[in-house]
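> Need a 3D model of the sequence below.
(one chain, ligands or ions: 3)
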Amino acid sequence: MVVLTKPAITHFPIVKNSFKSPSYINDIPVIDLSKANSKNLIVNACEEFGFFKVINHDVPMEFISKLESEAVKFFSSPLSEKLKAGPADPFGYGNKKIGQNGDIGWVEYILLSTNSEFNYQKFASVLGVNPENIRAAVNDYVSSVKKMSCEILEKLAEGLKIQPTNVLSKLLMDEKSDSVFRLNHYPPCPDIQEFNAKNLIGFGEHTDPQIMSILRSNNTSGLQILLKNGNWFSVPSDQNSFFVNVGDSLQVMTNGRFKSVKHRVLTNSVKSRLSMIYFGGPPLSEKIAPLPSLMEGKDSLYKEFTWFEYKKSAYKTRLADNRLVLFEKSL
Ligand SMILES: C=C1C[C@]23C[C@@]1(O)CC[C@H]2[C@@]12CC[C@H](O)[C@@](C)(C(=O)O1)[C@H]2[C@@H]3C(=O)O
Ligand SMILES: O=C(O)CCC(=O)C(=O)O
Ligand SMILES: [Fe+2]
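Residues are numbered from 1 along each chain as shown. Ligands and ions are numbered 1, 2, ... in the order given. Down below sits the predicted model:
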């Protein structure tokens, strides 16, 4: 006899309080990349929120839709097949376990290094028929999103009056850039109410360690960012736009002027969420330090370290940990 069981969600982190906290904003900053004043607005958004939405970008809709449909195909395949592309170590297919240190969430995902052929071998076993399709879709999407990230970083440098303006973008363009790409699928969780929970945590609160992360999702909301006043703000979904996060490395490069934004994802009881995120990181050997032109005689708040050192340390932490604290100078 086959016994069908409901998914075991009792062990998952939840959000209990169901009241809606008052928010002092109605929406997050929206940056129109085609406008000349966008450089100053980007700087303001990074200072105030560490987060903004980008419209009028040049990423072809065709690349986005192609990748989305390949991702849907992948996540719809039988679990036994998907598991062949795992475990995520950190790269590969992961299901509910996030990272290597005990974090869990109501999510399944694929994590890839953007400059490694190795990932695709894991894929090949799963997508048996034609792994080239997803490989090509990821490549087209990532190259185009990386180009947009560089445009944003150059505008940011202009807004900060930093010379040369490619000081940040060249780190992502470097062939050794240690960037990561992630596809997250949050299946709907219809049993939430039974557990007296308002929401289940899809992806627990954290900051991203890299320079900048670029997120695109389908039209299911769930992403929240932590505001300076301590309230979580639910970001309305918009499948035609991108959302940009300041990462820990950019916080250090601006000597704390920009803060890496804490964010998390809550699951939906009806709709599934699919997100794709490009995490733009520097080469492993790169020194992560405040940009000299932003210092004007001020002391660095951080000890000297390379991206390799930071990443090694970050990957030993739990999601919600403050990873930069170990690298702060005690002034
Ligand atoms: C719990 C973890 C997952 C993570 C590595 C870490 O130990 C701490 C940082 C996490 C994070 C958050 C942003 C990205 O999704 C990610 C790929 C990254 O670079 O840092 C994940 C890591 C992961 O899922 O392996
Ligand atoms: O899936 C999302 O919408 C955000 C996930 C995220 O923050 C991450 O993967 O680092
Ligand atoms: Fe994140």
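
> Helices of the stretch 51-200 of the chain, start to end?
61-76, 79-82, 118-126, 131-159, 169-173 (DSSP state H, counting those that start in this stretch).

> Include mean pLDDT and mean neighbour count when you put those helices into CSV, please.
The way it works is simple: take the backbone N, C-alpha and C, and place the C-beta from them, glycine included. What follows is those, written out as CSV (pLDDT from 0 to 100; neighbours: other C-beta atoms under 10 Å):
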stretch, mean pLDDT, mean neighbour count
helix 61-76, 95, 16
helix 79-82, 91, 12
helix 118-126, 64, 16
helix 131-159, 94, 19
helix 169-173, 98, 21
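
> I'd like to know which of those helices is closest to ligand 1.
Among the helices of the stretch 51-200 of the chain, helix 118-126 comes nearest to ligand 1, with 12.9 Å by C-beta to the nearest ligand atom.

> is ligand 2 contacted by the longest strand seen in the chain?
Ranked by residue count under DSSP state E, the longest strand found in the chain is strand 103-113. No. Using C-beta under 6 Å from any ligand atom, strand 103-113 never reaches ligand 2; the gap is at least 7.3 Å.

> mean confidence for that strand?
Taken as a whole, strand 103-113 has a mean pLDDT of 96.

> Now do the same contact list for the residue in the chain positioned nearest to ligand 1.
Here the chain gets closest to ligand 1 at one residue, G99, 2.6 Å apart by C-beta to the nearest ligand atom. Contact analysis of G99 by C-beta atoms under 8 Å, 6 or more residues apart in numbering lists P90, Y315, R318, L319.

> Within reach of ligand 2, which of those residues are there?
Applying C-beta under 6 Å from any ligand atom to the contacts of G99, none is adjacent to ligand 2.

> Take those residues and, keeping just the buried ones, write it as a ChimeraX select command.
Here is the ChimeraX command that selects the buried residues among the contacts of G99 (16 or more other C-beta atoms under 10 Å):
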select :319
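
> of all the contacts of G99, which two lie farthest apart?
P90 and R318 (14.1 Å; C-beta to C-beta).

> Briefly note if stretch 177-190 comes near ligand 2.
Yes. With C-beta under 6 Å from any ligand atom as the criterion, ligand 2 is reached by stretch 177-190 at R182, N184.

> Pull up the pairing partners for the longest strand of the chain, direction included.
strand 92-98 (antiparallel), strand 180-186 (antiparallel) (DSSP bridges).

> how about these, which one is nearest L168?
strand 180-186 (17.3 Å).

> Taking their axis directions, the closest one and helix 61-76 sit at what angle?
In terms of direction (axes from the mean of the first three to the mean of the last three C-alpha atoms, to 10 degrees), strand 180-186 departs from helix 61-76 by 60 degrees.

> who's in contact with strand 180-186?
67, 71, 74-75, 106-114, 138, 142, 202-203, 210, 220, 222, 265, 267-268, 272-279, 281.

> Thanks again, I'm all set now.
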